[in-house]
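A.B. asks: I need the structure of the sequence given here:
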Amino acid sequence: MTRRDRFAPRTIDHGLSKFAAKVGCFPNGGWPLKFSVCTTNYNCAHALAAHLRSVYDNLHGLEFEYVVVDNKSRDGSWTILTSWAANHRNATLISKRSTIGEGREIAFARSSGSHIVVLDTDVVYSSLLRRFVDAYFQTCPGLSVQAIYCGIFPRQTWVEAGGRRSLNTNEDVDLWLRVDRIGTMRWYPVSVGENRKEPSAWGQADYLSKRYNKTERLLRLLRREWDFLKTGPVQRTDLRSLAAVKTIDMGLAEPAIAWPQNRPQYNHVQHTIAFIREFKQAVQAP
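C.D. replies: From the prediction side, this is the model:
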């Protein structure tokens, strides 16, 4: 059995896993942890070690688990993760091909915390992460609050909203809007870390990331278009205006003027022209 196989997901009876997710623990007689960090990783070795240190350093002294689903990375990420897990018993590693949304949902199913903290493995977190987590549990643990690069959700709300769908694009906003329909979604436009991804590949331009070879870039771009079709109403939502109305102020730092994510609104002709331009850009990228 290889090191990677040892961390393969265990098969859990579907009925039991649904019960476990609903009550916030697995049926093993134990109470849930305070919170679970759930994340995904794909070819983020350039930031992964620093990311892990920043998360564990900032959350030191708190009761949490770290659950990560690695999408069969090829850049040495798995070696970094297994080395870390060997010295940190609260780390759970899962190796499985998946979209970002599917991977986060797999991590959720393997977690046991009463709250889910969603982080990104290409982000190195500052002390604001700890201050944000502390302020959240002290002031509004019943709400779902999304800061920049960190979201915290009560487990029951995650279940009630339906969790993450299998998407690479809009997977976060898709869940936020379903939580908003429940009435408990809030935004906090303060960055709690530094994104180590190249700026040219932020947001919906992720397909341009140097983490991907040329074939992957084209496939990622096509997958993004498929996700747009699956999430049409999400793509058309004025997220910036919605977040402005439902912003929460925790008083930790000066908030951004507006939520940084915004979805450009194109008609069919404009969208087609933009896609052709992006396709050429992906083909010509070094």
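A.B. asks: rest of the way, CA atoms for contacts and neighbours
C.D. replies: Noted.
A.B. asks: where does the stretch 1-150 of the chain have low pLDDT?
C.D. replies: For the stretch 1-150 of the chain, residues meeting the criterion pLDDT under 70 lie at 1-33.
A.B. asks: What ranges does it have for its strands?
C.D. replies: Secondary structure of the stretch 1-150 of the chain, counting by DSSP state E, counting those that start in this stretch: strands at 35-41, 64-70, 91-95, 115-118, 123-125, 144-148, 150-154.
A.B. asks: Same list (those strands) but as JSON lines, adding mean neighbour count.
C.D. replies: As requested, those are arranged in JSON lines below (neighbours: other Cα atoms under 10 Å):
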{"stretch": "strand 35-41", "mean neighbour count": "25"}
{"stretch": "strand 64-70", "mean neighbour count": "25"}
{"stretch": "strand 91-95", "mean neighbour count": "22"}
{"stretch": "strand 115-118", "mean neighbour count": "25"}
{"stretch": "strand 123-125", "mean neighbour count": "24"}
{"stretch": "strand 144-148", "mean neighbour count": "22"}
{"stretch": "strand 150-154", "mean neighbour count": "23"}
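A.B. asks: So for D180, which of those strands sits nearest?
C.D. replies: Evaluated over the strands of the stretch 1-150 of the chain, closeness to D180 peaks at strand 144-148, with 8.9 Å, by Cα to Cα.
A.B. asks: so that closest one versus strand 150-154, what angle?
C.D. replies: 170 degrees (axes from the mean of the first three to the mean of the last three Cα atoms, to 10 degrees).
A.B. asks: Contact partners for V124?
C.D. replies: Counting by Cα atoms under 8 Å, 6 or more residues apart in numbering, V124 touches 47, 50-52, 54-55, 193-196.
A.B. asks: Could you give the bridge partners of it?
C.D. replies: Counting by DSSP bridges, V124 is bridged to E194.
A.B. asks: Distance-wise, check it relative to D227.
C.D. replies: Distance, V124 to D227, by Cα to Cα, to the nearest Å: 27 Å.
A.B. asks: Appreciated, that's everything.
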